[in-house]
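Asks: what shape does this take:
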Amino acid sequence: MSTDNNQGRPKEQPQHCQFMIARLITPWLIAFSLLILGLGWHAPAHAAGGLLVSSNPVTDPKALLRLALPVDEPNIRQIQNSLEDIRYQLRLKRWRAIEGDVKTAQRTLEQHRQDILNHIAPSNQAAAETRLNALSTGLTDLAALVPKRDKIAVFVAQDALLDQVGALEALMVREFPFQIPAEYAHLPQLLGRATVKIVTNKGDLIVVLDGYNAPITAGNFLDLVQQGFYNHLPFTRAEESYVVQAGDPPGDADGYVDPRTGQIRRIPLEIKVQGDKQPLYGTTLEAAGRYLDKPVLPFAAYGTLAMARSESDPNSASSQFFFLLFEPELTPAGINLLDGRYAVFGYLIDGKPVLEKIRAGDEIERVEILEGAEHLVNATPPAVNQAALELPILNPQF
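Replies: From the prediction side, this is the model:
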């Protein structure tokens, strides 16, 4: 049950709007599924999605965002991989391996600096030079830190260097990597990335929206942010070690009513698969028979941001979204049953302690666009936003 704040009366949350998703897989089910696969039997669709897991799955949101950039320059990726490996080696206190990672990154930068610059548009060359200089200096400082065996200092330095790498990789993206299908071209689209701040009564959440891999999903969200749609809406669901959900407007409608049509704006399920040139639209990976394929944007980090939808209709998402409260033991990266079923469009990069405190009934005070608004196209005109206040709800149900 939730409360309609406008009328002061309880209303029943519609069954179709309740973020109905398969429950998290349990350890015994994983073991059973693996046993079945070992006997040569094809596991059911709901269990087959992610049993092939890499030894070190990526769970850091910033790392996931870096990997998701449409960049294929091998040298900057080598530097990134070397720096990413440091975090893993730190946990094991393998200081010689860390020294090797730093040397590999330094050598790659020294030998291939010009190759990296050649992948950046002339208009961004000056910014890239600044980033490369900072990267070179930072690697020298990191090399001096490693012999001191200070884990915290090395971690902080490594994280700052990876921010420089991510900024360089972002400069390498010269154009949007694919064409939006014609049937969805009228919808708002984020043709790039944007950063938003969700201000709540418990504190601030900083989120990066990835339009490179989910342009319609991220564009729909940013369009609603720009309209102020989410301001003063409550968090309607908060389950420990599972999800936090918001975006349900007051009244009978379960989503955003587009003032230009008088109908609830629905967006298609949008999932970009590793190796594909553009997202898959309108179907889950399971329904498409792509059980072992991996999304570019997986449910693999605390604060993974995705759209809620009706379980029966993949194209029913509108305004309601959720954060996954990722717990490695409950929802292991690479075998999460949400992958391929719900559209991920961003990650929380700052504010984890705040998200941990959110409870049902807490409020989104406002959402601010910090950067990237220029990448939003087909946005709802401001004059039309105001007209929505006088518009009757014509389609309150699915």
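Asks: now the helices for the protein?
Replies: 27-38, 45-48, 61-68, 74-92, 95-118, 125-145, 151-172, 215-227, 352-357, 382-387 (DSSP state H).
Asks: what's the third one packed up against?
Replies: Using 3 or more Cβ pairs under 8 Å, 6 or more residues apart in numbering; DSSP states H and E as the contact definition, the elements that helix 61-68 packs against are helix 151-172, strand 203-210, strand 344-350. Bear in mind the C-beta positions are built from the backbone N, C-alpha and C, glycine included.
Asks: list the helices and strands the second one packs on?
Replies: The reference is to strand 203-210. On the basis of 3+ Cβ pairs under 8 Å, 6+ apart, strand 203-210 makes packing contacts with helix 61-68, strand 193-200, helix 215-227, strand 344-350, helix 352-357.
Asks: now it: average pLDDT?
Replies: Averaged across strand 203-210, pLDDT comes to 98.
Asks: over to the shortest one?
Replies: Average pLDDT, strand 344-350: 98.
Asks: let's have the chain start at 325 instead
Replies: Right, with 325 as the first residue, what we last looked at is strand 668-674.
Asks: which residues does that strand contact?
Replies: Contacts to strand 668-674, defined as Cβ atoms under 8 Å, 6 or more residues apart in numbering, come from residues 385-386, 388-389, 519, 528-535, 537-538, 541-542, 545, 594-595, 619, 621-623, 625-631, 647, 679.
Asks: so where is the chain shaky, pLDDT-wise?
Replies: Regions of the chain meeting the criterion pLDDT under 70 cover residues 325-380, 652-659, 707-722.
Asks: same thing but at 90, please
Replies: Applying pLDDT under 90 to the chain flags residues 325-382, 564-565, 584, 615, 650-661, 705-722.
Asks: pick out the residue nearest the middle of it.
Replies: residue 670 (2.3 Å; Cα atoms, centre = their mean).
Asks: for the closest residue to residue 557 other than its chain neighbours, what are its contacts?
Replies: Excluding the flanking residues, the one nearest residue 557 by Cβ to Cβ, 6 or more residues apart in numbering is residue 688, at 5.2 Å. Residue 688 makes contacts with 522-524, 554-559, 570, as judged by Cβ under 8 Å, 6+ apart.
Asks: among these, which ones are buried?
Replies: 522-524, 554, 557-559, 570 (16 or more other Cβ atoms under 10 Å).
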